[in-house]
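**Student:** I would like to see how this sequence folds:
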Amino acid sequence: MMLQVKDLSVFYGKIQALDKLSMEIHQGEIISMIGANGAGKSTLLKAIAGLRLQMNGSITFEGEPLVSKTHETVKRGIALVPEGRHIFGNLTVYENLVMGSYLQKDKKVFKEDLESVYELFPRLFERQKQTGSTLSGGEQQMLAIGRGLMSKPKLLLLDEPSLGLAPKLVSEIFKKFEKINKMGLTILLVEQNARQALALSHRAYVLQTGRIIKQGLGKDLLADPEVQEAYLGAKQKAAAV
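**Tutor:** Model prediction:
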């Protein structure tokens, strides 16, 4: 087991975002977390990534407890690609990628990692001298993912990576996730596009108001009538017919 979350509760003041949530991720898996806006999906990723939150419960990574210190979490091998990308708009593509590798002191390894990112996202190589603010939305998302990969993570946390992207670009990005996984990375994906997320995932969890209400194989949840009605638009399609 790579990651175990046990009885995790998170609060924002008096508002409870997660309620005794428990889940696990095994090495090499792609795990999706789906649910409506406000269900607590992003909060879960932030808690795993080491952001300082008011919380109870435990999170262990490779058998050892995680602490609420982002730089320590990155050292342990966890990278968060946040919702909204949050790239450095005034820095070039190359400089953004350098920022992602700030813990890497070996120049040879840095060069190999950079070449790997450019191979995965050729457009970043083409635009390496452009500032982040001049990139399209899809290119900025590629840059955010590439920056995360530059920290050499074992576990990649992806928060709403398809948000604001055209359908064609969404399909392209999801193909990259599959390739990243085959490179040996484990992925935890929070995604509004539940259909694509479940189709990609080995396993998935359904989160509702801070609690997990369903879990199972991605393909099984994709065929689940309740999941279809709540998150895949099955009811709306039937009504239209």
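**Student:** Bridged to the most centrally placed residue in the chain, which residues?
**Tutor:** Using Cα atoms, centre = their mean, the residue of the chain that lies closest to the mean C-alpha position is L158, 1.2 Å off. Using DSSP bridges, the bridge partners assigned to L158 are V81, L189.
**Student:** residues touching it, list them.
**Tutor:** For L158, the contacting residues are 81, 145, 177, 187-191, by Cβ atoms under 8 Å, 6 or more residues apart in numbering. Where C-beta positions appear, they are placed from N, C-alpha and C, glycine not excepted.
**Student:** Check the gap between it and K182 for me.
**Tutor:** With the distance defined as Cβ to Cβ, to the nearest Å, L158 ends up 16 Å from K182.
**Student:** Equivalent analysis for K111, please.
**Tutor:** The span separating K111 from K182 equals 22 Å under the rule Cβ to Cβ.
**Student:** again with P153
**Tutor:** Distance check for P153 against K182: by Cβ to Cβ, it reads 15 Å.
**Student:** So the two - more neighbours on which side?
**Tutor:** When P153 is set against K182 and neighbours are counted by other Cβ atoms under 10 Å, the residue ahead is P153, at 22 against 9.
**Student:** Distance from the longest helix anywhere in the chain to the middle of the chain?
**Tutor:** Among all segments of the chain classified by DSSP state H, the helix with the greatest residue count is helix 167-182. The chain centre lies 13 Å from the centre of helix 167-182; the measure is Cα atoms, centre = their mean, to the nearest Å.
**Student:** now what about that helix, what contacts it?
**Tutor:** Applying Cβ under 8 Å, 6+ apart, the external contacts of helix 167-182 come out as 28, 30, 120-121, 137-138, 141-142, 145, 149, 156, 158, 161-162, 165, 187, 189, 193, 196, 200.
**Student:** Could you do stretch 75-91 as well?
**Tutor:** Stretch 75-91 is contacted by residues 42, 45-46, 48-50, 61-62, 64, 66, 95-96, 99-100, 103, 131-133, 135, 140-141, 143-145, 147-149, 151-161, 163, 190 when judged by Cβ under 8 Å, 6+ apart.
**Student:** Give me the buried stretch members for that stretch, please.
**Tutor:** Within stretch 75-91, the residues scored as buried using 16 or more other Cβ atoms under 10 Å are 76-83, 85, 87, 91.
**Student:** now it: mean pLDDT?
**Tutor:** Per-residue pLDDT values over stretch 75-91 give a mean of 92.
**Student:** Neighbours of the closest residue to V117 other than its chain neighbours, how many?
**Tutor:** Using Cβ to Cβ, 6 or more residues apart in numbering and skipping residues adjacent in sequence, the residue nearest V117 is G146, 4.3 Å away. For G146, the tally of surrounding residues (other Cβ under 10 Å) stands at 24.
**Student:** list the contacts for G146?
**Tutor:** By Cβ under 8 Å, 6+ apart, the residues touching G146 are 96-97, 100, 117, 120-121, 124.
**Student:** Now do the helices in the chain.
**Tutor:** Ranges of helices within the chain are 41-49, 70-76, 93-100, 107-120, 122-126, 137-149, 167-182, 194-200, 218-222, 225-231, 234-240, based on DSSP H.
**Student:** Any chance of those in CSV with distance to M1 as columns?
**Tutor:** Converted to CSV, these look like this (distance: least, Cβ to Cβ, whole Å):
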stretch, distance to M1
helix 41-49, 14
helix 70-76, 15
helix 93-100, 27
helix 107-120, 27
helix 122-126, 33
helix 137-149, 22
helix 167-182, 17
helix 194-200, 21
helix 218-222, 19
helix 225-231, 25
helix 234-240, 33
